[in-house]
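S.K.: here is my input; please provide its structure:
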Amino acid sequence: MKQKGIEVVRNKCVGCGLCVRACPFSAIVLKDKVAVIDLDKCTLCGACKGACKFDAIVIYKPNVVKQDLFQYKDVWVFIEQEEDKIASVSFELLGKARTLAKNLNAKVVAIFLGGNIKNKAKQLISKGADKVVIVDSKKLAHFTAESYGNVISHLIHKYKPEIFLAGATTIGRSLVSRIAVKIKTGLTADCTGLDIDKERRLLVQTRPAFGGNIMAQIITPSYRPQMATVRHKVMKELPADPNRKGEIIEESLDKNLVDTRSRFIDFIKEEIYKVNLSDADIIVSGGRGLGAPENFKLIKELAEVLGAAVGASRAAVDSGWIPYSHQVGQTGRTVAPKLYIACGISGQIQHLVGMQSSKIIVAINKDPDAPIFKVANYGVVGDLFKVVPLLIKKIKESKGR
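M.R.: Have a look, this model is predicted:
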């Protein structure tokens with residue numbers, strides 16, 4: 001059986017160049033009036049085959065055994081920990097999973113790996129889980145993507161979940177991509193919306209695409225589980241119900257699943273300014289309008305008097321003015337504070353995707369046509385170097401009363 005690939009039928013190719021122009025990856029050139037495909041660049045997208053009028057391009061794929069989709073059931077949520085505490089994004093996903101599971105007449109299952117974690121299982125049930133599958137071992141006390149990926153892939157083969165969700169965090173992104181490759185299924189990253197097509201029992205996964213200019217809806221019709229990572233702060237967690245009942249399933253760790261090629265040595269936490277961005281009720285963000293890294297001290301001062309976290313636009317981060325952990329936007333963090341103050345941020349769509357769920361948005365920008373004003377509840381057209389110091393002064397005065 002031929003491996004997955006593509007080839008040009010030389011006696012049919014006339015060297016017209018239509019395939020060269022159609023290829024979005026510049027993977028085709030003409031040599032001696034015959035198309036030649038660079039297999040390292042080719043993604044088998046099929047654009048060249050569609051453009052060829054002479055049937056000179058053949059794409060072949062190995063036969064794949066179709067999955068029996070009816071074997072798969074339940075909505076799984078990977079439970080992530082931060083400094084031995086369950087991450088809030090996991091609670092948000094449990095809340096959303098309850099809605100998805102209701103539409104599928106299924107159960108919500110929390111997948112919890114770690115060391116000395118059994119005492120936290122009831123908390124997951126109170127937050128929406130019907131079942132908690134625990135793998136409790138000292139060997140899993142610290143996250144490593146390889147070992148966690150092996151263990152969860154094993155659990156997926158055993159229990160066959162219909163949907164698998166994880167947070168679009170550093171841990172979630174590194175873990176779930178490995179799992180998807182291992183079990184050969186699809187994965188949609190950085191989702192901002194999830195819904196169910198009841199008729200076809202499909203997870204409709206919504207995420208920004210083409211630089212945030214459109215919202216794409218993605219489905220996985222032929223493979224299971226349907227996998228997605230979801231941004232923090234875009235789903236609502238349910239209030240805890242201490243009276244909820246659920247099942248706790250303890251799985252023993254197969255030592256063969258522990259990857260010995262890598263080991264945890266230490267975790268060095270990045271120093272962030274005062275308040276954690278993801279959990280903040282108030283965020284003050286600075287952008288390109290600050291002009292220089294030293295001017296972020298103005299943003300930090302305003303944040304300090306408000307008890308706020310410091311955010312930034314991608315332009316400020318890319319310029320090296322502030323670490324990436326402060327970036328708000330499509331390629332940074334999604335936030336939903338009670339108050340978001342944008343200083344010197346024009347408001348490109350990539351940034352708006354990450355903060356437009358804020359309850360109150362205040363924009364300070366000297367450009368009256370800046371896109372940020374279209375989403376702002378309150379706008380100040382003016383020089384931030386004059387406006388922000390006045391704000392700081394007034395807030396200090398009000399606190400002094």
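S.K.: return the set of buried residues in stretch 178-194.
M.R.: Within stretch 178-194, the residues scored as buried using 16 or more other C-beta atoms under 10 Å are 178-180, 183, 185-194. Yep, even glycine has a C-beta here, placed from its N, CA and C like the rest.
S.K.: ugh, typo on my part, it should be stretch 16-26
M.R.: Of the residues in stretch 16-26, those scored as buried under the neighbour-count criterion (16+ other C-beta under 10 Å) are 16, 18-20, 22-23.
S.K.: ok, stretch 346-364 next?
M.R.: Residues 346-355, 358, 361-364 are the ones in stretch 346-364 that count as buried (16+ other C-beta under 10 Å).
S.K.: before we move on, the earlier item: adding distance to Val335, pLDDT and secondary structure, write the buried residues of stretch 178-194 out as JSON lines.
M.R.: As requested, the buried residues of stretch 178-194 are exported to JSON lines (distance: C-beta to C-beta, whole Å; pLDDT from 0 to 100; DSSP: H, G, I helix; E, B strand; the rest coil):
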{"residue": "Arg178", "distance to Val335": "27", "pLDDT": "93", "secondary structure": "helix"}
{"residue": "Ile179", "distance to Val335": "27", "pLDDT": "95", "secondary structure": "helix"}
{"residue": "Ala180", "distance to Val335": "27", "pLDDT": "93", "secondary structure": "helix"}
{"residue": "Ile183", "distance to Val335": "32", "pLDDT": "91", "secondary structure": "helix"}
{"residue": "Thr185", "distance to Val335": "30", "pLDDT": "91", "secondary structure": "coil"}
{"residue": "Gly186", "distance to Val335": "28", "pLDDT": "90", "secondary structure": "coil"}
{"residue": "Leu187", "distance to Val335": "24", "pLDDT": "94", "secondary structure": "strand"}
{"residue": "Thr188", "distance to Val335": "21", "pLDDT": "93", "secondary structure": "strand"}
{"residue": "Ala189", "distance to Val335": "18", "pLDDT": "90", "secondary structure": "strand"}
{"residue": "Asp190", "distance to Val335": "14", "pLDDT": "86", "secondary structure": "strand"}
{"residue": "Cys191", "distance to Val335": "16", "pLDDT": "90", "secondary structure": "strand"}
{"residue": "Thr192", "distance to Val335": "13", "pLDDT": "86", "secondary structure": "coil"}
{"residue": "Gly193", "distance to Val335": "17", "pLDDT": "89", "secondary structure": "strand"}
{"residue": "Leu194", "distance to Val335": "19", "pLDDT": "94", "secondary structure": "strand"}
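S.K.: which parts of the protein are helices?
M.R.: Assigned helices in the chain, in chain order: 18-22, 47-51, 88-104, 121-126, 145-159, 170-183, 296-306, 314-318, 349-355, 372-375, 384-400 (criterion: DSSP state H).
S.K.: out of the ones you listed, which gets the lowest mean score?
M.R.: Ranked on mean pLDDT, the bottom entry among the helices of the chain is helix 349-355, at a mean of 84.
S.K.: if we can go back for a sec, most tightly packed of the helices of the chain?
M.R.: Ranked by mean neighbour count under mean count of other C-beta atoms under 10 Å, the helices of the chain are led by helix 349-355, which reaches a mean of 23.
S.K.: Ile28: which of the helices of the chain is closest?
M.R.: Ile28 sits nearest to helix 18-22 of all those, at 4.9 Å, using C-beta to C-beta.
S.K.: so Ser285 makes contact with Val328?
M.R.: Yes - using C-beta atoms under 8 Å, Ser285 and Val328 qualify as a contacting pair, with a distance of 5.8 Å.
S.K.: list residues touching both of those two?
M.R.: When contacts are counted by C-beta atoms under 8 Å, 6 or more residues apart in numbering, Ser285 and Val328 have 311-313, 355 as shared neighbours.
S.K.: so which of those comes closest to Ile218?
M.R.: Comparing those against Ile218 with C-beta to C-beta places Met355 closest, at 23.4 Å.
S.K.: thanks again, I'm all set now.
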